[in-house]
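1. how does the following fold in three dimensions:
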Amino acid sequence: MKIKREQMYIDGQWVAAAAGATRQIINPANQQIIAEVAEGDRDDARAAIGAARKAFDHGDWPDLPGAERARFVFRLADLIEQNREELAELESLDTGKTVEESRWDMDDIAGIFRYYAGLADKDAGDVIDSPNPNASSRVVREPIGVCGQISPWNYPLLQAAWKLAPALTAGCTVVIKPSEITPLTTLKITELCIEADFPAGVVNTVLGPGASVGAELSENDQVDLISFTGGIETGKKIMRAASGNVKKIALELGGKNPHIIFADADLETALDQVLNGVFFHAGQICSAGTRLMLEASIHDSFVAALKERMANITIGDAFADTTQMGPLISAEHRSKIENYVQIGLDEGALLELGGQRPDGAELQNGFFYQPTLFTGCRSAMRIVQEEAFGPIITVEKFTREDEVIAAANSTIYGLAAGFWTEDGGRIHRLSRALRFGTVWVNDFNFYFTQAPWGGYKQSGFGRELGRMGLEEYTEVKHIYQNYQPEALNWFGC
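-> Numbers count the residues shown, from 1 in each chain. A predicted model of the protein is given here:
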């Protein structure tokens with residue numbers, strides 16, 4: 001395989017890392033090297049920040065009419081659609097997810113850019129009453145400035161789009177840092193930004209580790225906003241670093257998401273959605289419903305049906321037509337999953353299925369892991385409370401509504417939750433009682449661009465998607481104009 005060699009993009013130029021370092025990118029399905037990319041550090045991040053600062057403070061981009069910025073963003077959406085297959089293949093090579101999943105992602109991504117482009121000229125501000133009849137009072141939104149954007153490895157381009165599309169629409173300039181292990185689609189969309197004629201310095205892409213590049217974006221006082229999607233411990237470090245210049249922060253830090261099934265639910269459909277809620281992308285999804293909570297009267301039959309369906313999941317390479325679940329992202333992450341399985345066993349959970357690497361000879365070079373089912377779980381267990389981020393599902397049993405509400409809320413996270421019931425009163429009660437940023441009723445893991453996404457508690461703060469996702473990249477300004485100013489004659493008269 002020919003190795004792709006990729007540079008970073010700073011101030012309208014493709015450049016190597018200042019220190020000359022590179023990193024090899026591997027396919028997690030077979031460990032083949034698929035690219036060699038620049039490995040940046042703080043110096044590269046500073047150069048990109050300087051370019052974004054110059055483009056914002058002295059360039060035309062922030063002051064363009066909304067409709068003009070929309071033209072660029074619409075053009076980028078068209079290019080994403082035109083390059084859908086290449087982007088999907090790169091995403092699957094980089095992450096191991098099935099190519100069909102990646103195609104769905106690309107469709108979403110094009111739609112995200114179109115959605116925000118459509119909002120670019122829709123906010124003319126608000127006129128508010130002034131207590132002075134001879135004055136006007138307006139509230140307007142303006143671009144916040146230079147934005148550092150750090151995206152994760154599980155959905156590299158989708159998560160980048162959630163940040164990039166509203167930032168560009170708002171009139172901000174950006175420095176994007178993809179995960180150092182999955183940068184290929186972010187580099188490709190950078191190429192498409194060039195093709196769409198975005199001015200130099202508006203979009204900058206820096207590669208490298210979070211400890212250097214990410215830290216510089218978080219600490220640098222020339223950055224006005226830092227947006228991060230990833231782990232909770234890194235999120236805490238970013239909060240501390242960002243306090244240096246009190247920059248605005250948007251954090252999405254994952255979740256441990258309960259999926260509650262009552263006995264009166266449509267159990268066949270719920271079962272299918274339980275599987276969908278956990279095993280897409282091998283469970284490496286922040287909103288995965290890995291915490292299954294079953295009413296006692298249906299527990300045994302539901303678990304039996306779940307176990308049967310899980311045993312039939314086909315594991316394999318992303319590009320095989322029969323593959324339903326690909327590998328984990330890395331050897332390190334697989335070790336983390338194996339450690340959580342051992343934690344579950346040590347805590348007394350019952351391993352019903354999986355809990356090991358698959359046997360097939362064709363899978364031995366990849367980071368594959370079997371779909372894993374634990375029963376007999378209690379809400380206090382680490383395997384229930386902590387985000388493993390893999391193909392592990394735990395099952396708890398409940399008998400009362402108040403009991404399951406309390407258990408579902410007994411987590412430091414608050415990203416998403418779902419429940420299944422036909423009882424209208426229960427739907428109302430649980431929708432209000434569950435402390436999560438998104439609550440699905442008779443569905444799970446369904447998101448769309450128009451609805452805001454984010455979490456309660458330690459799942460972070462701020463919202464992506466929807467109009468709120470655009471507002472994250474703006475500052476609110478009140479403009480008061482007095483048409484007949486008069487002297488007060490208060491001092492020195």
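2. going by C-alpha atoms from here, please, whenever you check contacts or count neighbours.
-> Fine.
3. beyond the longest helix anywhere in the chain, next helix or strand please.
-> Longest helix in the chain by number of residues (criterion: DSSP state H): helix 99-119. The helix or strand immediately downstream of helix 99-119 is strand 126-127, counting by DSSP states H and E.
4. partner strands of that following strand, with direction?
-> strand 135-143 (antiparallel) (DSSP bridges).
5. now do the longest helix of the chain: which elements does it pack against?
-> Where contact means 3 or more CA pairs under 8 Å, 6 or more residues apart in numbering; DSSP states H and E, helix 99-119 is packed against helix 66-82, helix 84-95, helix 156-170.
6. and among those helices, the most buried is which?
-> Most buried of the helices and strands packed on helix 99-119 by mean neighbour count (mean count of other CA atoms under 10 Å) is helix 156-170; its value is a mean of 26.
7. what does that helix rub up against?
-> Contact partners of helix 156-170, identified using CA atoms under 8 Å, 6 or more residues apart in numbering, comprise 62, 66, 69-70, 73, 91, 105-106, 108-109, 112-113, 116-117, 119-120, 142-143, 147, 149-152, 173-174, 176, 178-179, 182-183, 185-186, 227, 229, 464-465, 469-470, 473-474.
8. so for stretch 429-446, first residue to last residue, what's the gap.
-> 21 Å (CA to CA, to the nearest Å).
9. so where is the chain shaky, pLDDT-wise?
-> 1-3 (pLDDT under 70).
10. nearest residue to the middle of this protein?
-> Closest to where the C-alpha atoms of the chain average out (CA atoms, centre = their mean) is residue 159, at 4.3 Å.
11. what about it, distance to residue 277?
-> Residue 159 is 18 Å from residue 277, by CA to CA.
12. tell me which residues in stretch 203-222 are buried?
-> 203-210, 212-222 (16 or more other CA atoms under 10 Å).
13. what's the answer for stretch 340-356, then?
-> 340-342, 344, 349-351, 353-355.
14. just those: which are in helices?
-> 340-342, 344.
15. could I get the helices and strands packed on helix 99-119 in TSV, plus columns for distance to residue 289?
-> TSV is the format used below for these (distance: least, CA to CA, whole Å):
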stretch	distance to residue 289
helix 66-82	30
helix 84-95	20
helix 156-170	19
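16. out of the ones you listed, nearest to residue 332?
-> helix 84-95 (14.0 Å; CA to CA).
17. which parts of the stretch 201-350 of the chain are helices?
-> 215-219, 232-242, 267-279, 299-311, 331-347 (DSSP state H, counting those that start in this stretch).
18. same for the fourth one, what does it pack against?
-> Contact partners of helix 299-311 among helices and strands, from 3+ CA pairs under 8 Å, 6+ apart: helix 267-279, strand 350-353.
19. out of these, which one sits most buried?
-> helix 267-279 (a mean of 18).
20. alpha carbons of it, in CSV - could you do that?
-> Presented in CSV, the C-alpha positions along helix 267-279 are these (Å, rounded to 0.1, in the frame of the first residue of the first chain):
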residue,chain,number,x,y,z
LEU,A,267,-40.4,-5.4,23.4
GLU,A,268,-39.4,-6.6,19.9
THR,A,269,-38.6,-3.0,18.7
ALA,A,270,-37.0,-2.2,22.0
LEU,A,271,-34.7,-5.2,21.7
ASP,A,272,-33.5,-4.1,18.3
GLN,A,273,-32.9,-0.5,19.5
VAL,A,274,-30.9,-1.9,22.5
LEU,A,275,-28.6,-3.6,20.0
ASN,A,276,-28.3,-0.4,17.8
GLY,A,277,-27.7,1.7,20.9
VAL,A,278,-24.6,-0.2,21.9
PHE,A,279,-22.9,-2.0,19.0
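21. for that helix, what is the distance to the chain centroid?
-> 22 Å (CA atoms, centre = their mean, to the nearest Å).
22. could you check the angle that helix makes with helix 299-311?
-> 50 degrees (axes from the mean of the first three to the mean of the last three CA atoms, to 10 degrees).
23. quick one: list the elements packing against helix 267-279.
-> strand 258-261, helix 299-311.
24. pull the longest one out as CSV, backbone CA atoms only.
-> Looking back up the chat, that one is helix 299-311. In CSV, the C-alpha atoms belonging to helix 299-311 read as follows (Å, rounded to 0.1, in the frame of the first residue of the first chain):
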residue,chain,number,x,y,z
HIS,A,299,-35.8,-9.6,32.6
ASP,A,300,-35.1,-13.2,31.8
SER,A,301,-36.9,-13.4,28.4
PHE,A,302,-35.4,-10.1,27.3
VAL,A,303,-31.9,-11.2,28.3
ALA,A,304,-32.3,-14.5,26.4
ALA,A,305,-33.4,-12.7,23.3
LEU,A,306,-30.6,-10.2,23.6
LYS,A,307,-28.0,-12.9,24.1
GLU,A,308,-29.2,-14.7,21.0
ARG,A,309,-29.0,-11.6,18.8
MET,A,310,-25.6,-10.6,20.1
ALA,A,311,-24.2,-14.0,19.4
